[in-house]
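*Asks:* Have a look; sequence and predicted model below, questions after that.
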Amino acid sequence: MNDTVSCWMSDAFRKSSIRTAMCLLATSLSLSAFGAEPNWAGFRGPNGMGTSAAKGLPVTWGNSENIAWKVPLPGPGASSPIVFGDRIYLTCYTGFFIPGESGGSQDNLKRHLLALKRSDGSLVWDKAVAAKLPEEDRIRDHGFAANTPAADAERLYVFFGKTGVFAFDHDGKELWKTEVGSKTHQWGTSSSPVLYKDLVFINASVESESLYALDRKTGQEKWRAKGINQSWNTPVLVTAKSGRQELIVAAKGNVLAFNPDTGERLWSCKTDIGWYMVPSIVEQDGVVYCLGGRSGVAGLAVRAGGSGDVTETHRLWTSVKGSNVTSPVFLDGHLYWMHESRGVAYCAKGETGEVIYEERLERAGQVYSSALLADGRLYYLTRDGRTFVIAAKPGFEQLAANDLRDGSIFNGSPAVDGNRLLIRSDKFLYCVGK
């Protein structure tokens, strides 16, 4: 190696190391300023289970109470905010099919990735990406920005349906783009990126009925599993009792497990659910809990770690109680969730599926947001902006009913920002807390 090349490589390595060190320092400082909660760097938090170790989160709030800040958004969306370092990242869309507005053309449809300051919500940058056309004439209920981004120290990863998967750096520079299919659906696309080792997983069921593993640095396809049918949920990584890592996704008719490194299908389990699968899976102690469907069987538990069709050997129970949209959480042997249309909160035994309580919440209405579990409390956000706070225990106890109604729709799930909550509507992003 000549001296010039050696010097150039050393300089490049030094600059890369400085950038990484600065990002880690910013993360450390922000954790000190906002609390010790790790980065909320993807859909449903660090492990995708909707749980947080944060303490001191707010219990009560309103439009004029316990709001640290509130900022308008350039467009609507159903995605959830994420937190990394001193930034909040969020997606939205503009130009077409805006709730409450007439007209517009697909030619003007753009999806946006926003970077905002955690301290006050002010906009740092806005990266707009033109839609690959044609798109759907309308997306039922939640529009064109329902996929939550994911982040690591070097990059942000965003899935924009048929327009593609994008990676940006933390300054908003586009690093790569990969297409994962060209199909669309009247219910849009909603699965979010999942990070593992040097890979980013994308459930492109809508676009190509495929599960992709892409290289984080380049976007190059590393493996692809086909046959992912009617699956809107975000995959989760679980560890079986044997210690084996498994990537699990729910599809119509089956829960499927893959080797996350190679894409090899490890096992499948029949759900007896004949509908599309939207709620994301949760896992505890090597057992996978899955909700889905509108009628008949709507929930089940499966022991991870099997091989082939494990329906007879590893499926522990099924239940007619479940959810068609919202994802559950798990705590101390119990599963908790809200039904999306009945305004009913559920608690069930993880061991058997037996329902412990089934409580209708007054004026709850529709719920598309997934459950959040933190500090011994459950947070359920309704589509009109009410948040019900319930004690996380087998005996039902409502702690608060908070109201942020702003005339728009709340479809995204709450995110944890230190000892505060981030809640987005079609119009605003709220930071709830002191």
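*Replies:* Received the coordinates, thanks.
*Asks:* count of neighbours near residue 62?
*Replies:* Residue 62: 12 surrounding residues under other Cβ atoms under 10 Å. From N, CA and C alone the C-beta is placed, and that goes for glycine too.
*Asks:* Not counting residues beside it along the chain, what's closest to it?
*Replies:* residue 403 (5.6 Å; Cβ to Cβ, 6 or more residues apart in numbering).
*Asks:* Tell me which stretches of the chain form helices.
*Replies:* In the chain, the helices defined using DSSP state H lie at 3-34, 205-208, 311-314.
*Asks:* Identify the residues contacting residue 142.
*Replies:* Residue 142 makes contacts with 78, 187, 188, 190, 368, 411, as judged by Cβ atoms under 8 Å, 6 or more residues apart in numbering.
*Asks:* So it versus residue 77, what's the distance?
*Replies:* Noted for residue 142: a distance of 8 Å to residue 77, by Cβ to Cβ, to the nearest Å.
*Asks:* what is in contact with the two at once?
*Replies:* residue 411.
*Asks:* Low-confidence regions, this protein specifically.
*Replies:* Low-confidence segments of the chain (pLDDT under 70): 1-38.
*Asks:* What is the burial count for residue 115?
*Replies:* Per other Cβ under 10 Å, the neighbour tally for residue 115 reads 19.
*Asks:* Touching, it and residue 84? I think so.
*Replies:* No. In terms of Cβ atoms under 8 Å, residue 115 does not count as a neighbour of residue 84; the distance is 9.6 Å.
*Asks:* Output stretch 336-351 as PDB, restricted to C-alpha atoms.
*Replies:* Extracted in PDB, the C-alpha atoms of stretch 336-351 (Å, rounded to 0.1, in the frame of the first residue of the first chain):
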ATOM      1  CA  TYR A 336     -52.800  -7.000  28.000                       C
ATOM      2  CA  TRP A 337     -54.400  -5.300  25.000                       C
ATOM      3  CA  MET A 338     -57.200  -3.100  23.700                       C
ATOM      4  CA  HIS A 339     -59.700  -4.200  21.100                       C
ATOM      5  CA  GLU A 340     -59.600  -1.800  18.200                       C
ATOM      6  CA  SER A 341     -63.400  -1.100  17.700                       C
ATOM      7  CA  ARG A 342     -65.100  -2.200  20.900                       C
ATOM      8  CA  GLY A 343     -63.300   0.100  23.400                       C
ATOM      9  CA  VAL A 344     -62.600  -3.000  25.500                       C
ATOM     10  CA  ALA A 345     -59.400  -3.600  27.600                       C
ATOM     11  CA  TYR A 346     -58.400  -7.100  28.100                       C
ATOM     12  CA  CYS A 347     -56.100  -9.100  30.400                       C
ATOM     13  CA  ALA A 348     -55.400 -12.800  29.900                       C
ATOM     14  CA  LYS A 349     -53.300 -15.400  31.500                       C
ATOM     15  CA  GLY A 350     -50.200 -16.100  29.400                       C
ATOM     16  CA  GLU A 351     -50.100 -19.700  30.400                       C
END
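*Asks:* can you offset everything so residue one is 9?
*Replies:* Okay, residue one is now 9; in that scheme the one you just asked about reads as stretch 344-359.
*Asks:* Going by neighbour count, list what's buried in that stretch.
*Replies:* Neighbour-count burial for stretch 344-359 flags 344-356, 358 (criterion: 16 or more other Cβ atoms under 10 Å).
*Asks:* CA atoms only for stretch 89-105, dumped as PDB, please.
*Replies:* C-alpha atoms of stretch 89-105 as PDB (Å, rounded to 0.1, in the frame of the first residue of the first chain):
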ATOM      1  CA  PRO A  89     -42.100   8.800  16.500                       C
ATOM      2  CA  ILE A  90     -38.700   7.300  17.400                       C
ATOM      3  CA  VAL A  91     -35.900   8.800  19.600                       C
ATOM      4  CA  PHE A  92     -32.200   8.600  19.000                       C
ATOM      5  CA  GLY A  93     -29.600  10.800  20.700                       C
ATOM      6  CA  ASP A  94     -30.900  14.400  20.800                       C
ATOM      7  CA  ARG A  95     -33.300  13.900  17.900                       C
ATOM      8  CA  ILE A  96     -36.800  12.700  17.300                       C
ATOM      9  CA  TYR A  97     -37.500  11.200  13.900                       C
ATOM     10  CA  LEU A  98     -41.000  10.900  12.300                       C
ATOM     11  CA  THR A  99     -42.600  10.300   8.900                       C
ATOM     12  CA  CYS A 100     -45.600  12.000   7.300                       C
ATOM     13  CA  TYR A 101     -46.900  12.700   3.800                       C
ATOM     14  CA  THR A 102     -48.100  15.700   1.700                       C
ATOM     15  CA  GLY A 103     -49.600  16.600  -1.600                       C
ATOM     16  CA  PHE A 104     -52.400  14.000  -2.000                       C
ATOM     17  CA  PHE A 105     -55.300  12.500   0.000                       C
END
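*Asks:* Same question for it: list its buried residues.
*Replies:* 89-105.
*Asks:* residues touching residue 436, list them.
*Replies:* Residue 436 touches 78, 79, 80, 81, 414, 416, counting by Cβ under 8 Å, 6+ apart.
*Asks:* Drop anything exposed from these.
*Replies:* 78, 79, 81, 414, 416.
*Asks:* my guess is the fourth one contacts residue 392, does it?
*Replies:* Going back to what we said before, that points to residue 414. No. Look at residue 414 against residue 392 with Cβ under 8 Å: they stay out of range, at 9.5 Å.
*Asks:* Distance check, the residue nearest to residue 230 when sequence neighbours are not counted against residue 176.
*Replies:* Spatial nearest neighbour of residue 230, excluding adjacent residues (Cβ to Cβ, 6+ apart): residue 221 at 4.5 Å. For residue 221, the distance to residue 176 equals 20 Å [Cβ to Cβ].
*Asks:* Just the strands from the stretch 59-208 of the chain, written as ranges.
*Replies:* Along the stretch 59-208 of the chain, counting by DSSP state E, counting those that start in this stretch, strands occupy 59-60, 75-80, 90-92, 95-102, 118-125, 131-138, 158-159, 164-167, 173-176, 182-186, 202-204, 207-212.
*Asks:* So which elements touch the third one?
*Replies:* Meaning strand 90-92. Other helices and strands packing on strand 90-92, by 3 or more Cβ pairs under 8 Å, 6 or more residues apart in numbering; DSSP states H and E, are strand 95-102, strand 158-159, strand 423-425.
*Asks:* any chance of the ones you listed in JSON lines, with distance to residue 110 too?
*Replies:* Formatted as JSON lines, those follow (distance: least, Cβ to Cβ, whole Å):
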{"stretch": "strand 95-102", "distance to residue 110": "15"}
{"stretch": "strand 158-159", "distance to residue 110": "35"}
{"stretch": "strand 423-425", "distance to residue 110": "32"}
